[in-house]
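> What would the 3D arrangement of this be:
(one chain, ligands or ions: 1)
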Amino acid sequence: MDLSNSSPVITDPVAISQPLLGGLPSNLMQFSVMPSGYSSSGMNVSVSRLKIEEVLVNGLLDAMKSSSPRRKLNVEFGEDNSSEEEDPAYSAWMAKCPSALSSFKQIVASAQGKKIAVFLDYDGTLSPIVDDPDKAVMSPVMRAAVRNVAKYFPTAIVSGRSRNKVFEFVKLKELYYAGSHGMDIMASSANHEHSAEKVTKSLLQVVSGIEGATVENNKFCVSVHYRNVAEKDWKLVAQLVNEVLEAFPRLKVTNGRMVLEVRPVIDWDKGKAVEFLLQSLNLNDSENVIPIYIGDDRTDEDAFKVLRQRNCGYGILVSQVPKETEAFYSLRDPSEVMEFLNFLVRRKKHSM
Ligand SMILES: O=P(O)(O)OC[C@H]1O[C@H](O[C@H]2O[C@H](CO)[C@@H](O)[C@H](O)[C@H]2O)[C@H](O)[C@@H](O)[C@@H]1O
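Purely as a prediction, here's the structure:
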């Protein structure tokens, strides 16, 4: 992720022509992007690194939310959350961000005569959050639901994981994949990967003494997981990550669901990735295309925001707790995501 030698984000014909992306139109091969706020000299790094203390506080809040009793009901399928709406705070939030299932009729009415494009986050959206990131598998029924959706609608996975890794979980060749928060559809330089390897090595060294801390190399981004670390050690994890990053001024850290995500300081995120995919897939006609983006994480907010700003399509937040969001609708958990995807397919078949 040493960004000093090359443009940070340019089309990589090798990367985008890989079979994983499956049949991208040829215009994608010519598409290139130079994000704003960046100069190829590498001097104009305008995004300041989040203070690690801030990250930690956010992380603590996140952890508190994640470990709430509501989350404990979050078995992937078949749980009874019928008392959910009785929580006044949740009900108030649902009034602002209604269920995409109960609002399904409105959603399809607005999509009448238009083409739907589906964008899906992976962790927490298609697979339930689990303690071991390597075991975040997708259930066969969810895979079948996503496969069916992709039969009728252009469908992309937009994940914080590396593209290859998320493909190993999803295993569907008919989808489009954007990994490393969208950087893995188009990042060009081998330097990025080289730097990810370097920082991964340093991070592994420093957290090796902390029980439960793990480091995951996501090709252009690196995740430091603290889900399985005793709470008393979280601050230490954060401090150590911060110290390592002192030597990598072109990297920043953001906080996810009990994970510190180290990524390049470039103006690129899941929102930009969605815009890129819409353009590349000839789906940029906001009059006739309705993009639906489903995700559970802070990084998905960038994509929700893009859809809101374009005034076309819908962000759907997966959450069992009220959250500030740019999404229009909500779903409680992956089981509801699956239900929503199945509804889309059923409705499509019905209208044919
Ligand atoms: O954009 P996503 O597909 O949601 O990826 C975001 C991060 O997801 C993974 O971590 C999260 O899920 C793990 C498995 O359920 C969980 O153990 C961890 O606490 C969560 O933060 C992934 O491992 C990270 O690398 C991604 O950045």
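
> contacts and neighbour counts: CA atoms only from here.
Noted.

> Quick check: residue 339 vs residue 126, distance?
When C-alpha to C-alpha, to the nearest Å is applied, the distance between residue 339 and residue 126 equals 11 Å.

> Mind checking which of these two has more residues around it?
Neighbours around residue 339 and residue 126, counted as other C-alpha atoms under 10 Å, are more numerous at residue 126. The numbers are 31 against 15.

> what sits against that one?
The neighbourhood of residue 126, defined by C-alpha atoms under 8 Å, 6 or more residues apart in numbering, consists of 120, 138, 142, 334, 337-338.

> And these, which is closest to residue 179?
Within the contacts of residue 126, the smallest distance to residue 179 is 11.5 Å, found for residue 120 (C-alpha to C-alpha).

> State the phi and psi torsions of that closest one.
With angles defined as degrees, to the nearest 10, residue 120 sits at phi -130, psi 130.

> Write out the residues of this protein neighbouring the ligand.
Within the chain, the positions lying close to the ligand (C-alpha under 6 Å from any ligand atom) are 121-124, 128-133, 136, 159-161, 216, 223, 227, 256-259.

> Now the buried members of those residues.
When the residues of the chain next to the ligand are checked for burial by 16 or more other C-alpha atoms under 10 Å, the buried set is 121-124, 128-129, 136, 159-161, 216, 223, 227, 256-259.

> Now do stretch 101-116, average pLDDT.
In this model, stretch 101-116 has a mean pLDDT of 96.

> CA atoms only for that stretch - export them in PDB, please.
The C-alpha coordinates for stretch 101-116 follow below in PDB (Å, rounded to 0.1, in the frame of the first residue of the first chain):
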ATOM      1  CA  LEU A 101     -39.900  -6.700   4.000                       C
ATOM      2  CA  SER A 102     -43.000  -4.800   5.100                       C
ATOM      3  CA  SER A 103     -42.200  -2.100   2.600                       C
ATOM      4  CA  PHE A 104     -41.600  -4.600  -0.200                       C
ATOM      5  CA  LYS A 105     -44.700  -3.500  -2.200                       C
ATOM      6  CA  GLN A 106     -43.500   0.100  -2.200                       C
ATOM      7  CA  ILE A 107     -40.100  -0.900  -3.300                       C
ATOM      8  CA  VAL A 108     -41.300  -3.000  -6.200                       C
ATOM      9  CA  ALA A 109     -43.900  -0.300  -7.200                       C
ATOM     10  CA  SER A 110     -41.100   2.200  -7.500                       C
ATOM     11  CA  ALA A 111     -39.100  -0.300  -9.600                       C
ATOM     12  CA  GLN A 112     -41.900  -0.900 -12.000                       C
ATOM     13  CA  GLY A 113     -40.600  -1.000 -15.600                       C
ATOM     14  CA  LYS A 114     -37.000  -0.400 -14.300                       C
ATOM     15  CA  LYS A 115     -34.000  -2.700 -14.000                       C
ATOM     16  CA  ILE A 116     -33.000  -3.700 -10.500                       C
END
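
> related to what we said a few turns ago, which one among the contacts of residue 126 gets closest to the ligand?
Sorting these by distance to the ligand puts residue 120 at the head of the list, at 8.5 Å, by C-alpha to the nearest ligand atom.

> who are the neighbours in contact with that closest one?
126, 155-159, 293-295.

> change it to 10 Å
126, 146, 155-159, 177, 292-296, 300, 316, 337 (C-alpha atoms under 10 Å, 6 or more residues apart in numbering).

> quick one: which of these is nearest residue 263?
Set against residue 263, the nearest of the contacts of residue 120 by C-alpha to C-alpha is residue 159 (13.3 Å).

> on that earlier part again, out of the contacts of residue 120, which are inside helices?
Counting by DSSP state H, those place 146, 337 in helices.

> Please report how far residue 104 lies from residue 293.
Looking at residue 104 against residue 293, where the rule is C-alpha to C-alpha, the gap reads 14 Å.
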